[in-house]
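Next one to model:
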Amino acid sequence: MSNSTFSLSDQQILQVLSASKNAVAIHVTEQMHIAYASDAMIAIWGKDKGVIGKALLHALPELKGQPFLGMFQQVLREGITIEGTETAAQIEVNGKMQTFYFDFEYKAIKDETGKPYCVLHTATDVTERYLSKQRELALNQELVAINEEFFATNEELTAANEELRQSQESLQAIYEDLTESDARFRNMVRQAPIGICIIRASDLYISDVNDSYLELVGKTRYELEGRTIWQAVPEAAEAYAPIMNNVITTGTAFVAKEAELVLIRSGVPETVFVDFVYEPIKATDGETEAIMVLAIDVSDKVIARRSVEDVEERVRLAVEAAEIGTFDLDLVKGAMLTSTRFDHIFGFDRQVPWDTFVSVIHPDDQAGRKTAHEQALKTGKLFYEARVIHGDASVHWVRVQGKVYYADEKPVRILGTLLDITQFKRLQQQKDDFISIASHELKTPITSLKASLQLLDRMKHDPPPKVLPRLVEQSNRSMHKISTLVEDLLNVSRANETQLKLNKATFNISQLLENCCNHVRVGGKYSLIVEGDKELQINADEHAIDQVIVNLVNNAVKYAPDSLEIIIAIKKEGNMAKISVKDTGPGISPDKLPHLFDRYYQIDAAGYQNSGLGLGLYISREIIKRHGGKIGVDSELGKGSTFWFILPL
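Model (predicted):
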């Protein structure tokens, strides 16, 4: 069978190019008359076949004022090639001017003497790719706005995008509708920047293949020419031989997007992602004569997209873990998209309009919020803290941070985050209260000590016998008070720095209870009654447990001064010992119970003047925690309170 049997006529070549999804056109003369345009090119222009034969500006008048006609004329005059990547063009489609982005090539086709006689125009609509890059850029900006913590991840994403941008080239089909010979057509195929392989339908022998296809499959020309396709690329036969046979039988093209293949490249298996088409080439009788394989390696694009998806997932998990709410505020439309966490922080179980979010901000903070937004439009940075009133009337503090984005120097969008800082504000207030209390508590004994020392200094040469003991006693009381306050602070510091060391030993808890709190017993006002299992032995730090008991008894004396009997009970519960201190005072309000063991927290005991730093119960909790036990309180208004702790035996 001679090779001429498989040569394609000029009409067949035109049919092949027209059937391709790649946009191709041929222009002649200085006015760039359209000698040929494939269906794909006509679809890109948004026109019909009536443009064929017309001058370029007559067929597409909207190109006037755009640089493309000048480029065409330069290519024809100088016999050169001009390429463009992601180039913007204004095209009228369905009566509407729209902006599209193209990868294109204007290539001068020369005769045997080297004189250009037409321009081969190929174009690929990459608008989606361009917009995808813009969305990726917006995503990077959003990531930066969320938190600088993600800087390293964004750097990785930017590098991936840059690598993708550099590696992406013009990979779309170039087909020419020429009245040239079969040899020239095959030469054009070989020069095409996408992989093209033409396979005879009768025996699957490779009749032609270009360098791009050789590069894609990692083979030399010698390894492909004169062989069947599956002899040349056996690793793909199992999956794709049945598909190619079906294309030959049915005459229906097969299109694959991002197909994952393992190809043997230079003897090494490599996983690649390929967009390819099995396009049937039909004879005049409709029978499939050959298969044209058009293939593009999109591995870089797929890997980059998966990298973006991975970064998005990591960012989502990080935002959820940090319990951060996010928002996207459209300043033009006045609409805001919010995350579920954002809605919950504002007290909503669903997304609501922007003005509804604004309405629940505390009235006293509305002016500050408005000022922050006005300032953000000037500086590009939004930051403010405000109180939010939930539907149950509870008040919560929030911190809002965001970045303003501009279009034509006008603010159009704010991307930002929202954080619930209620607990932080409460701790901040407790810290401020502590500083105030500590200053007051230390000032009183220091002032008294200073006064005593000044009096002693004045009478040091002739001290009155009766006055001197009182001044010394007063000085000692002041020093004891100062020492107690300092010891509380040191205990807190040790607890925070995990330096609260325990010296455990086995002892009788009843004996400890009988001998502790002598400062209360000596006063004679209160009776400390020990009840329960008086033979119970525990293994613990005796000094630390004594401190806990003293704190609980002092607490009862301080906040239940009219409860003259304080019951200290001992009880064995399984392998645990439970010690409780009960008073018959006014009790504690239920809303205060959860905070009793917080650092610096003090109950407001109406009618009684109390002192201290609010550290006793906090220190007691830390001591019991270090023993592996639990501490708590049961209280009922009007009936008293019972503070208790449980220790392992």
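
Report the secondary structure state of the residue sitting furthest away from the middle of the chain.
Centroid-distance maximum for the chain: D462 at 77.6 Å, with C-alpha atoms, centre = their mean. D462 falls in the coil class when you classify it by DSSP: H, G, I helix; E, B strand; the rest coil.

again with N246
Under three-state DSSP, N246 comes out as helix.

Then the one 3 residues further on?
Secondary structure assignment for T249 (three-state DSSP): helix.

who's in contact with it?
Contacts were defined as C-beta atoms under 8 Å, 6 or more residues apart in numbering; by that measure T249 touches T288. Quick note: C-beta positions are derived from backbone N, CA and C, even for glycine.

where's it relative to K630, distance?
Note on T249: its distance to K630, by C-beta to C-beta, to the nearest Å, is 78 Å.

circling back to that earlier point, pLDDT value on the residue farthest from the centre of the chain, please?
As predicted, D462 sits at a pLDDT of 75.

Look up phi and psi at it.
Backbone torsions of D462, given as degrees, to the nearest 10, read phi -150, psi 70.

Could you check how far it is from L456?
12 Å.

Can you classify the residue nearest to A239 when sequence neighbours are not counted as helix, strand or coil?
Nearest non-adjacent residue to A239, counting by C-beta to C-beta, 6 or more residues apart in numbering: L261, 8.0 Å away. When classified by three-state DSSP, L261 comes out as strand.

wait, L261 sits on D275?
No. With contact defined as C-beta atoms under 8 Å, L261 does not count as touching D275 (11.3 Å).

which of those two has more neighbours?
L261 (21 against 18; other C-beta atoms under 10 Å).

And that one, how far from I291?
Applying C-beta to C-beta, the value for L261 to I291 is 17 Å.

again, but for T284
18 Å.

Tell me which of those two has more neighbours.
I291 (24 against 10).

contacting residues around the more buried one?
Contact analysis of I291 by C-beta under 8 Å, 6+ apart lists 198-199, 201, 244, 247-248, 278-281.

same deal with S635?
Per C-beta under 8 Å, 6+ apart, neighbours of S635: 587-588, 590, 593, 641-642.

Just the buried residues of these.
587-588, 641-642 (16 or more other C-beta atoms under 10 Å).

can you tell me which of those residues are in strands?
641-642 (DSSP state E).

which one among the buried ones among the contacts of S635 gets closest to Q66?
Nearest to Q66 among the buried ones among the contacts of S635: I588, at 80.2 Å, using C-beta to C-beta.

Quick check, F597 in contact with L615.
No. When contacts are counted by C-beta under 8 Å, F597 is not listed as touching L615 (10.5 Å).

Between those two, which has more neighbouring residues?
Neighbours per residue, other C-beta under 10 Å: of F597 and L615, the larger number sits with L615, 24 against 20.

before we move on, the earlier item: so which two of the contacts of S635 are the farthest from each other?
The span of the contacts of S635, defined through C-beta to C-beta, is set by P590 and T642 at 14.5 Å.

still on that earlier bit, so what sits opposite the residue nearest to A239 in the bridge?
Per DSSP bridges, the residues bridged to L261 are V272.

wait, what's in contact with it?
Contacts of L261 by C-beta under 8 Å, 6+ apart are 235-236, 239, 271-274.

Narrow those residues to just the buried residues.
236, 272-274.

Out of those residues, give me the two with the largest separation.
Spatial extent of those (C-beta to C-beta) is set by the pair A236 and F273 at 13.5 Å.

I'd assumed G218 was in contact with R265.
Yes. R265 is in contact with G218 according to C-beta under 8 Å; the separation is 2.5 Å.

So between those two, which is more surrounded?
For the pair R265 and G218, the greater number of neighbours falls to G218 (17 against 14), based on other C-beta under 10 Å.

my read: A241 touches T228, true?
No. Using C-beta under 8 Å, A241 is not in contact with T228, being 10.0 Å away.

domains for the chain, by residue range?
23-125, 127-322, 323-420, 425-496, 505-648 (automatic domain parsing).

Ok, which of these comes nearest Q12?
domain 127-322 (7.2 Å).

Show the average pLDDT along the closest one.
Domain 127-322 shows an average pLDDT of 79 in the prediction.

Use 38 as the first number for this chain going forward.
Fine by me, first position is 38 from now on; the one you just mentioned is domain 164-359.

now that domain, how far from the chain's geometric center?
Relative to its parent chain, domain 164-359 has a centroid offset of 31 Å by C-alpha atoms, centre = their mean, to the nearest Å.

ok so, going back, and the buried ones among the contacts of S672 as a markdown table, adding pLDDT and distance to W391?
Shown next, in a markdown table, are these (pLDDT from 0 to 100; distance: C-beta to C-beta, whole Å):
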| residue | pLDDT | distance to W391 |
| --- | --- | --- |
| G624 | 86 | 46 |
| I625 | 86 | 43 |
| S678 | 91 | 48 |
| T679 | 93 | 51 |
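
Which residue, other than its chain neighbours, is closest to G151?
G116 (7.2 Å).

if I read this right, that neighbour contacts Y154, doesn't it?
No. Applying C-beta under 8 Å as the test, G116 and Y154 come out as separate, 9.9 Å apart.

So the two - more neighbours on which side?
A direct count of neighbours by other C-beta under 10 Å for G116 and Y154 places G116 higher, at 15 against 12.

next one: phi and psi at the more buried one?
According to degrees, to the nearest 10, G116 has phi 70, psi 40.

where's it relative to Q584, distance?
97 Å.

Repeat that for L633.
Looking at L633 against Q584, where the rule is C-beta to C-beta, the gap reads 17 Å.

more crowded one of these two?
L633 (21 against 18).

Count the neighbours of Q388 for me.
14.

Let me know whether it touches T375 as I believe.
Yes. Using C-beta under 8 Å, Q388 makes contact with T375 at a distance of 5.7 Å.

Touching both of these two, which residues are there?
With C-beta under 8 Å, 6+ apart, Q388 and T375 have no common neighbours.

ok, back up a step: okay, and the common contacts of G116 and Y154?
Common neighbours of G116 and Y154 (C-beta under 8 Å, 6+ apart) are K147.

All the strands of the stretch 288-437 of the chain, residue numbers only.
291-302, 305-319, 325-334, 362-367, 372-375, 418-426, 432-444 (DSSP state E, counting those that start in this stretch).

Give me the buried positions along the first one.
Using 16+ other C-beta under 10 Å as the test for burial, strand 291-302 gives 291, 296, 298, 300.

That strand versus strand 325-334: what angle between them?
Here strand 291-302 points in a direction 60 degrees away from that of strand 325-334 (axes from the mean of the first three to the mean of the last three C-alpha atoms, to 10 degrees).

Now do F105, the pLDDT please.
pLDDT, F105: 90.

dump the residue contacts of it.
With C-beta under 8 Å, 6+ apart, F105 has these contacts: 93, 126.

That one and L97: what is the separation?
9 Å.

what's the answer for Y242, then?
42 Å.

So which of the two has more stuff around it?
L97 (22 against 18).

That one touches I79, doesn't it?
No. If you go by C-beta under 8 Å, L97 and I79 don't touch, sitting 10.8 Å apart.
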